[in-house]
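Q: Quick one: sequence and predicted model below, then my questions.
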Amino acid sequence: MTVLEQPGRAYHPAPPPAWKPRTEAAPLLPDPEPYRVLGTSAAEKADAGLLRELYGALVTGRRYNEQATTLTKQGRLAVYPSTTGQEACQVAAARALRPQDWLFPSYRDTLAAVARGLDPVQALTLLRGDWHTGYDPAEHRIAPLCTPLATQLPHAVGLARAARLKGDDVVALAMVGDGGTSEGDFHEALNFAAVWRAPVVFLVQNNGFAISVPLAKQTAAPSLAHKAVGYGMPGRLVDGNDAVAAYEVLTEAVEQARGGGGPTLVEAVTYRMDAHTNADDATRYRTDSEVEPWRGHDPIALLEAELTGRGLLDEAGAAAARAAAEEVAAGMRERLHADAELDPMDLFAYVYTEPTQQLRAQESMLRAELEADFQAEEEDAR
Amino acid sequence: MTTTAVAGTAAGRKPATMAQALTRAMRDAMAADPAVHVMGEDVGQLGGVFRITQGLAEEFGEDRCADTPLAEAGILGTAVGMAMYGLRPVVEMQFDAFGYPAFEQLVSHVSRMRNRTRGATPMPLTIRVPYGGGIGGVEHHGDSSEAYYMATPGLHVVTPGTVADAYGLLRAAIASDDPVVFMEPKRLYWSKAGWDPERPEEVPGIGRAVVRRPGTTATLVTYGPSVPVCLEAAEAAREEGWDLEVVDLRSLVPFDEETVTASVRRTGRAVVVHESPGFAGPGGEIAARIGERCFHHLEAPVLRVAGLDIPYPPPMLEKHHLPGVDRVLDAVSRLQWEAEWTEGG
Ligand SMILES: Cc1ncc(C[n+]2csc(CCOP(=O)(O)OP(=O)(O)O)c2C)c(N)n1
């Protein structure tokens, strides 16, 4: 017996009140295919200066990744999460922003910070291990590289809202990996951003894996960009190895946010060519045959083909880009081969505005220890 | 007191390292009880970032050793539901600081489910938390979060300092009908200490401390990653003519007051040693208890040697934060000085 078959008064429900969506339904669904420019007719419209600029940044970015990876093998960095293969996302994210805007990077996005103009060595402070953040976030408008996944996303929303409340035309661009989209903070950030129509752009770099876990085990959604719909913001799907497409989509999203159009979720489809970090063994969860096809879809090669096809790049131009990249790498080597200058007393300097009594006592203890060590070394030397 | 036999002969060779002992404990528990399920980030095919779950997915299938989406609150929250339906989840929080998103589930549900249901709904789940520093990890990879867990009634908090305890305590944790936060000192993962062929291969269940080294001058009360530090300090102290007793707590909640009290009453002096910050840290509770129970036996105040009261430092500076042998010996010498001063009038 169903509920309706129960004896008693006949049930004649009134029709429900008219339903209407909270906001006008904008075209929120992402394109069925990642948006591409390079290799299509749309590329002809792309500005030559922009293409060259992106190319230079990509070549430098690749070299930066290689150099940092080498430095890790030499023990000069504690760890380095490489973005080889993801340089286009990194560069596009940085270039889509104006100076007044803010970048909220994840722990993997060192290169985006460098492409925004940060000193390459300062950007590596966290990963070298001399301090947690090597720069002043407000000066560079780059939040600290964020290790706990997705936790920087609500910060970006809050900052963007604050800027809007103050009347500034600032946009925050927040970066997160595919794995990070499973965290509760991702959900809360997107929901707040949409409700507040905060000037934020969320960039998900879908590089296929969260350490060892492939995207299919991370989400059952057709794409990560689809997640936007449920929050009431547009989702865009873009080829993350196509620097021009990524730049266009992000620039459009940033400008829409700046103009009061609210947040956008951008999923850039890319691939992590290296292991998660040097501590990871990628052969445990993927085969060479899976990695191989992505070598043919390399962000630098894609742009290079376009540039040479249009006669915008010759061997001399390519050599100049490589030389510029080499210079950055040489600078990194030189500065990172020198031992970090550390003052252990800094441990106490920034815990509070005013150190507590307990911290002062601990400070004296450490100072005495260091002096004793120093004196012992002097004695030994004599 | 229940004891857990340490698997040795029957199931093959003894694990050599603490990491292997932990793997073996889960393997044996899964083989013995189909209700035991392991889950977490990267625990399947990869075997976890520290390889502690290595081989479990192959042996027991991906339903019993499951990679989850990357979401700690989700991992612990779904484990609560699984436990309500009779399973015994063993979840991994990948690193100490990445367990924080799961605090809501831990504090609001895991720890109090039994209490709020008047015993009707036990929470037989184990939460494995690799913790502590000394491995050169960058920010958020070196926290010692045990004080937060200890401050939450309803949770057991245990931490091994030896290979044998790693096996025995993890078996006991999985067998427990109460939630256990199982703190794994990650810098001891590769340590081989603790299979003593002269000792019976049994580890008492949760709640028993052990005297790792008998002594008469003073008691070092410690646990987890600081156990080897204290044993080393005790060796070095012999040069000074000090004979130090080392008590390894193994279980922070419940806290074995008998073993600690008996030891301190014998020696009359105590130093509590741990890596997590000292202020409002585990040592404060322990020292207070010793004060309450041993006041008339004490020759000197109970001292604490702990990590500094700072956010966990970057790897290049962590050596200044972690309590090492010298700081322990220094504290012991301060106890001695107090004694001389008292005796000398
Ligand atoms: C809250 C939290 N849980 C776990 C980790 C450990 N961890 C570091 S990176 C990583 C995988 C991240 O994957 P994804 O979000 O896809 O970013 P990607 O590494 O691919 O850039 C994990 C699990 C973490 N940093 N933070």
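A: Perfect, thanks for sending it.

Q: which bits of the stretch 201-345 of chain B sit near chain A?
A: Counting by Cβ under 8 Å from any Cβ of the partner chain, the stretch 201-345 of chain B comes close to chain A at B:278-279, B:308-311, B:313-317, B:320-321, B:326. For glycine as for every other residue, the C-beta is placed from the backbone atoms N, C-alpha and C.

Q: just the buried members of these?
A: Neighbour counting over those (16 or more other Cβ atoms under 10 Å in any protein chain shown) leaves B:278-279, B:308-311, B:313-317, B:320-321 as the buried ones.

Q: Count the neighbours of the residue in chain B that the ligand sits nearest to for me.
A: Per Cβ to the nearest ligand atom, residue B:98 is where chain B lies closest to the ligand, at 3.5 Å. Other residues within reach of residue B:98, judged by other Cβ atoms under 10 Å in any protein chain shown, total 21.

Q: isn't there a strand covering it?
A: No. Assessed with DSSP: H, G, I helix; E, B strand; the rest coil, residue B:98 is helix; it does not lie in a strand.

Q: before we move on, the earlier item: with respect to residue A:356, which of the residues of the stretch 201-345 of chain B next to chain A is nearest?
A: residue B:309 (7.3 Å; Cβ to Cβ).

Q: Verify the stated contact: the closest one with residue A:360.
A: No. Between residue B:309 and residue A:360 there is no contact under Cβ atoms under 8 Å: 10.7 Å.

Q: Quick check: residues of the stretch 51-200 of chain B near chain A?
A: B:67, B:69-74, B:97-98, B:100-101, B:136-141.

Q: Restricted to strands, list those.
A: residue B:67 (DSSP state E).

Q: so where's the chain shaky on pLDDT?
A: Looking at chain A here, since you left the chain open. Low-confidence segments of chain A (pLDDT under 70): A:1-7.

Q: that's the wrong chain, I wanted chain B
A: B:1-13, B:194-202, B:337-345.

Q: In it, what residue spans correspond to helices?
A: Secondary structure of chain B (DSSP state H): helices located at B:18-32, B:56-60, B:72-84, B:103-105, B:113-116, B:146-150, B:163-175, B:226-237, B:257-267, B:282-294, B:318-321, B:325-343.

Q: which of those helices is buried the deepest?
A: helix B:163-175 (a mean of 27; mean count of other Cβ atoms under 10 Å in any protein chain shown).

Q: could I have that one exported to CSV, CA atoms only?
A: The C-alpha coordinates for helix B:163-175 follow below in CSV (Å, rounded to 0.1, in the frame of the first residue of the first chain):
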residue,chain,number,x,y,z
VAL,B,163,59.4,-1.5,16.1
ALA,B,164,57.7,-4.1,18.4
ASP,B,165,55.4,-1.5,19.9
ALA,B,166,54.5,-0.2,16.4
TYR,B,167,53.2,-3.7,15.6
GLY,B,168,51.5,-4.4,18.9
LEU,B,169,50.0,-1.0,19.4
LEU,B,170,48.5,-0.9,15.9
ARG,B,171,47.0,-4.3,16.3
ALA,B,172,45.5,-3.2,19.6
ALA,B,173,44.3,0.0,18.1
ILE,B,174,42.5,-1.8,15.3
ALA,B,175,41.0,-4.3,17.8
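
Q: Packing partners of it?
A: strand B:3-5, helix B:18-32, strand B:126-131, strand B:156-158, strand B:180-185, strand B:202-204 (3 or more Cβ pairs under 8 Å, 6 or more residues apart in numbering or on different chains; DSSP states H and E).

Q: can you list contacts of the third one?
A: Okay, so that is strand B:126-131. B:22, B:40, B:50, B:52, B:76, B:88-96, B:99, B:106, B:110, B:143-146, B:159, B:170, B:173-174, B:176, B:179-186, B:189, B:224 (Cβ atoms under 8 Å, 6 or more residues apart in numbering or on different chains).

Q: Now, of these, which are buried?
A: B:22, B:40, B:50, B:52, B:76, B:88-96, B:99, B:106, B:110, B:143-146, B:159, B:170, B:173-174, B:176, B:179-186, B:189, B:224.

Q: Make JSON lines out of the helices of chain B and add distance to residue A:287.
A: Formatted as JSON lines, the helices of chain B follow (distance: least, Cβ to Cβ, whole Å):
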{"stretch": "helix B:18-32", "distance to residue A:287": "25"}
{"stretch": "helix B:56-60", "distance to residue A:287": "17"}
{"stretch": "helix B:72-84", "distance to residue A:287": "28"}
{"stretch": "helix B:103-105", "distance to residue A:287": "36"}
{"stretch": "helix B:113-116", "distance to residue A:287": "43"}
{"stretch": "helix B:146-150", "distance to residue A:287": "40"}
{"stretch": "helix B:163-175", "distance to residue A:287": "33"}
{"stretch": "helix B:226-237", "distance to residue A:287": "41"}
{"stretch": "helix B:257-267", "distance to residue A:287": "53"}
{"stretch": "helix B:282-294", "distance to residue A:287": "46"}
{"stretch": "helix B:318-321", "distance to residue A:287": "37"}
{"stretch": "helix B:325-343", "distance to residue A:287": "47"}
